[in-house]
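# requesting a structural model of the entry that follows:
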Amino acid sequence: MAVTRSVGVKRCPRCTYQGEGIPYFRRAGHVGLLVGVSAFSWGLGGLVYWLARRRHLICPRCGMGWENASRAVAMVAGSESRALVEAEPDEALPSSGMKRRVLGTVMILVASLLILVGFVDWELAAVAVGSVIGAGGSSTFYWGWQALQERRTALMHALQRKILRLAQMKGGTLTVTEVAADMNLSLEAAENVLTSMDDGFRVRSEISKEGVLYYDFPEVRHRGQLESGV
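Below is the predicted model:
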């Protein structure tokens, strides 16, 4: 039986959320960031920030711009493997640290301005304050950058686990095209995840006689023999 989705439903490529986007400033974090930017820039930066983002839609789960989301593909009869993979609950991912990175950038810009004014007017106090703010901004930005790397790692691990379950459904061999189609990923993203799993033992890339590149999962393919003790 065919399963259809609403025309407005999209899929977030970062956290795999499926649904509709929400206005940018519906997220409390973005509102807080707007207030912070306004405070550091005497309102001018906040106004520019609001004008630039007021019409944007974002993913309600991770905050990624909804213009990067892909249209959810309607299911057709016989696509049991895709249905099973997409029906699994999405795992909660750690924060991307975007607010920390933006705040750190703003602090560094403010610090640069203070240091510049301090050198021009020979105000050592401004240079000292700017240095402290700059150090804090650098630490805040690095903290956010670390969070982004942790999120990317968690997302990669989540995709790898889904691919392992898909390999079990497919009998222990997968192609890039199969992964891209069944998990609603781009061919490049599917290839990157499969390549990251290729260790030459548990997952091996092979080429068939027809010249087709596929990924072999020996432990999955021979699972029945292992369980029977043959």
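# quick check: pLDDT value at Leu213.
pLDDT recorded at Leu213 is 90.
# could you export the helix or strand encompassing Val117 as CSV, CA atoms only?
Here Val117, judged by DSSP states H and E, is contained in helix 98-121. As requested, the backbone C-alpha atoms of helix 98-121 are provided in CSV (Å, rounded to 0.1, in the frame of the first residue of the first chain):
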residue,chain,number,x,y,z
MET,A,98,26.0,27.7,17.0
LYS,A,99,25.0,30.3,19.6
ARG,A,100,28.4,30.0,21.3
ARG,A,101,30.2,30.4,18.0
VAL,A,102,28.1,33.5,17.1
LEU,A,103,28.5,35.0,20.5
GLY,A,104,32.3,34.3,20.4
THR,A,105,32.5,36.0,17.0
VAL,A,106,30.6,39.1,18.3
MET,A,107,32.8,39.3,21.4
ILE,A,108,36.0,39.1,19.2
LEU,A,109,34.7,41.9,17.0
VAL,A,110,33.8,44.1,19.9
ALA,A,111,37.2,43.4,21.5
SER,A,112,39.0,44.3,18.2
LEU,A,113,37.1,47.6,18.1
LEU,A,114,38.0,48.4,21.8
ILE,A,115,41.7,47.6,21.2
LEU,A,116,41.7,49.7,18.0
VAL,A,117,40.2,52.7,19.8
GLY,A,118,42.6,52.2,22.7
PHE,A,119,45.6,52.3,20.5
VAL,A,120,44.3,55.3,18.5
ASP,A,121,43.5,57.3,21.7
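# please renumber the chain so that the first residue is 44 from this point on.
Let's use 44 as the start, then, which means that last one is helix 141-164.
# show me what it is packed against.
helix 71-83, helix 167-213 (3 or more Cβ pairs under 8 Å, 6 or more residues apart in numbering; DSSP states H and E). Where C-beta positions appear, they are placed from N, C-alpha and C, glycine not excepted.
# could you give the angle of the last one to helix 141-164?
When axes from the mean of the first three to the mean of the last three Cα atoms, to 10 degrees is applied, the directions of helix 167-213 and helix 141-164 differ by 160 degrees.
# show me where pLDDT drops low in the protein?
Applying pLDDT under 70 to the chain flags the ranges 44-52, 75, 77, 79-89, 113-136, 267-273.
# and the contacts of the helix holding Val160?
72-73, 75-76, 79-80, 83-84, 88, 106, 166-177, 179-188, 190-191 (Cβ atoms under 8 Å, 6 or more residues apart in numbering).
# in it, what's buried?
141-154, 157-158, 161 (16 or more other Cβ atoms under 10 Å).
# next, the contact list for Ala210, please.
216-217, 258, 260, 263.
# in terms of helices and strands, where is Tyr92?
Short version, using DSSP H and E: Tyr92 is in helix 87-96.
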